[in-house]
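Peer 1: All I have is the shape, not the residue letters:
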């Protein structure tokens, strides 16, 4: 019987793949977004930064910063879900994957944000759920909260165009 | 902002840290209508392979342009976005400035409805369109230069408190 892989090896492979995915997105760095991972579950984290303020009088997060955070959480969740099935497959080769460059990302077709309450000047979190994912199109719902997960301050739904599979010539390690 | 002045609009935009961080510039203003632009910046790239701006950067420009268009109305000062939907028609060309024009096309006692279009060097071929609902009628706009000055000073004092 085959010995199971050490947990550290599995974790490292998953974290490497996730970093590879997010590191190609300069805008995530600009906003200071990071992703916490538990198994395949992702939580996007937006640490508070004074530059994210849109209304200094309240003060409240800028609606554009909130929208950007939600869209980032949605697109990364969608790309991660596609990537996960590759990472967990027996054919997956992490070295070839790294050499293959940054994974291609889905493109946003439309994105609709509801602002439920003012974003406070503190950290924000978001989790996205892929409601439908086909070969070409996907629909994703995302919610963001701050202090209380049951009181979201913003939510959004977006449609995305999936990157089309590469041919054998430009395959990036399966 | 009953006395519509591009400098006021710009100083107001500069008072919002996120709009300022993205380098937003007011281009023209009239009651309920506003044009703004934002420079291309490699920090705002959404996909390193193409160099295309992330949709979230375009969202910020759309939200600001619509919101500021609402503020240019008699009782739009201090508006907040209720919802905003953005349709992405094509990728903004890397390296080019992005422009957005918003108009407030309907107002009720409590809500202002606005829509916007964004484009780059190719004016005829939109990058994105947006429609949104905004709160309205909470606060009367400063009517005189003195009132505007006072409002801006309050903003500046608040920013100082926030450590900007």
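Peer 2: Looks like it arrived, so ask away. In this text, all values refer to a predicted model and were calculated from it rather than measured experimentally.
Peer 1: Remind me which helix or strand residue B:50 belongs to.
Peer 2: For residue B:50, there is no helix or strand it lies in under DSSP states H and E.
Peer 1: What separation is there between it and residue B:93?
Peer 2: Residue B:50 sits 10 Å away from residue B:93, taking C-beta to C-beta, to the nearest Å as the criterion. In short, each C-beta sits where N, CA and C put it, glycine included.
Peer 1: of the two, who's got more company?
Peer 2: Between residue B:50 and residue B:93, counted using other C-beta atoms under 10 Å in any protein chain shown, the more crowded position is residue B:93 (17 against 13).
Peer 1: The spatially closest residue to the more buried one that is not a sequence neighbour: how many residues sit nearby?
Peer 2: Distances taken as C-beta to C-beta, 6 or more residues apart in numbering or on different chains place residue B:120 nearest to residue B:93, at 5.1 Å, with adjacent residues excluded. Counted with other C-beta under 10 Å, the neighbours of residue B:120 add up to 21.
Peer 1: In contact with the residue of chain B positioned farthest from its centre, which residues?
Peer 2: Relative to the C-alpha centroid of chain B, counting by C-alpha atoms, centre = their mean, residue B:49 is the outermost residue, at 28.5 Å. Contact analysis of residue B:49 by C-beta atoms under 8 Å, 6 or more residues apart in numbering or on different chains lists A:24, A:101-102, A:104.
Peer 1: Please apply the same query to residue B:65.
Peer 2: Residue B:65 neighbours (C-beta under 8 Å, 6+ apart): B:34-36, B:100-102, B:116.
Peer 1: again, 6 Å this time
Peer 2: B:34, B:36, B:100, B:102, B:116 (C-beta atoms under 6 Å, 6 or more residues apart in numbering or on different chains).
Peer 1: which helices and strands does the one helix or strand the last one maps to pack with?
Peer 2: Here residue B:116 is covered by strand B:111-119, with elements defined by DSSP H and E. Other elements packing on strand B:111-119 under the criterion 3 or more C-beta pairs under 6 Å, 6 or more residues apart in numbering or on different chains; DSSP states H and E are helix B:55-71, strand B:98-107, strand B:128-135.
Peer 1: what mean pLDDT would you report for the last one?
Peer 2: It stands for strand B:128-135. For strand B:128-135, mean pLDDT rounds to 97.
Peer 1: about what we covered before: could you figure out how far the strand holding residue B:116 is turned away from helix B:55-71?
Peer 2: Interaxial angle of strand B:111-119 relative to helix B:55-71 (axes from the mean of the first three to the mean of the last three C-alpha atoms, to 10 degrees): 130 degrees.
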